[in-house]
Structures are given as C-alpha cells and as structure tokens.
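[1] model this:
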Amino acid sequence: MPRRLGELEDAVMTRVWQWNRPVTVREVLEDLQKERSIAYTTVMTVLDNLHQKGWVRREAEGRAYRYEAVSTRAAYSAALMNEAWSVSDNPAAALVAFFGMMSQEQRQALRDAMRVVQAGAPEEVQEPGAGPPESER
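    Got it, this is the predicted structure:
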C-alpha cells in the first residue's frame, strides 16, 4: 500500500496526473508558482523523492529529466480506500459509515462503478461528467 502523499507531493502529482504526459521540473514549477512561492530546487527535490518512492519514472533529456506517473490518481485513491477499509475491525460497518458520508453524486458514481465491475471491464470507468465509455458511444 502506498503511503499517503504529503501536501507538496500531492500538488506535484496532481499536475503530473492531469497533464498525463512526461513533464519537466520547470513546467511543474511554473504552474505551482501560480498558487505559491516555491523554488526550482524544491520542485526538483520533490520529483526526485517521488521517483525514489516509485510514483514517477524519469527519462533524461539533455541535462534535465522528464517525469511521468507510474500509475493513475484513480489507482492511488483506490489503494488508500482499500487500506483504510482493510484495517477496520468491522469492514461492513466501515462501508456503511462510508456510504452514509457520500453525496448523491458519489452514490451515483458508486452505482456506475458497480455496473462496470459487474460487466467485467473496470478499466472503462470514466471521470464524473465524462460521458459514456468509448465502447458505449
């Protein structure tokens, strides 16, 4: 189970996941600087740490690296939920409590996900509002 990302790690990974392509330290830095004051070396260190932890792979490009996510945000979120659920002394009660915290949108997403899983194609789950899976268009 992956360790939960820290605040800055999450901010960096959010960009890597959203852009869904190899990124440079400079690209991430410039986007982060829209929200906060941050140094190039800080972003470089965070990406290096994420590489060492197995979150991103990197490929040399000249004197710099391009970083790419190893897995998706959905897989990360699923692993966190699974870990939280698996440590419960009463998994059924934990699920009931979790479902009780969900909004109507989240419950609908859960129903949609259950239909996809029952159909045997979990890789086709779409982001909310993304429309039907490619196979249903």
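[2] hmm, Asn82 and Pro91 touching each other?
    No - applying CB atoms under 8 Å, one finds Pro91 not in contact with Asn82, separated by 10.6 Å. No exception for glycine: its C-beta is placed from N, CA and C like everyone else's.
[3] tell me, how many residues neighbour Gly62?
    For Gly62, the neighbour count with other CB atoms under 10 Å is 6.
[4] Provide the backbone phi and psi angles at it.
    Torsion angles at Gly62 (phi, psi; degrees, to the nearest 10) stand at phi 70, psi -130.
[5] one more: Lys53?
    Residue torsions, per degrees, to the nearest 10, at Lys53 are phi -80, psi -10.
[6] and it, what pLDDT?
    What the model reports as pLDDT for Lys53 is 90.
[7] can you count the residues close to it?
    Lys53: 13 neighbours (other CB under 10 Å).
[8] and it, how far is that from Val12?
    According to CB to CB, to the nearest Å, Lys53 stands 12 Å off from Val12.
[9] and what of Tyr67?
    For Tyr67, the distance to Val12 equals 9 Å [CB to CB].
[10] please enumerate the shared neighbours of these two.
    Shared contacts of Tyr67 and Val12, defined by CB atoms under 8 Å, 6 or more residues apart in numbering, comprise 47, 50.
[11] what about the chain, any weak spots by pLDDT?
    Applying pLDDT under 70 to the chain flags residues 1-2, 121-137.
[12] go with 80
    1-3, 121-137 (pLDDT under 80).
[13] which stretches in it count as strands?
    For the chain, the strands defined by DSSP state E occupy 56-61, 64-69.
[14] and Ala39, which of those strands is closest to it?
    Among these, strand 64-69 comes nearest to Ala39, with 15.9 Å by CB to CB.
[15] tell me how far Ser88 lies from Ala74.
    According to CB to CB, Ser88 and Ala74 sit 22 Å apart.
[16] which residues touch the residue most central in space within the chain?
    Nearest residue to the geometric centre of the chain (CA atoms, centre = their mean): Arg73, 1.6 Å. Arg73 sits next to 13-14, 17 when contact means CB under 8 Å, 6+ apart.
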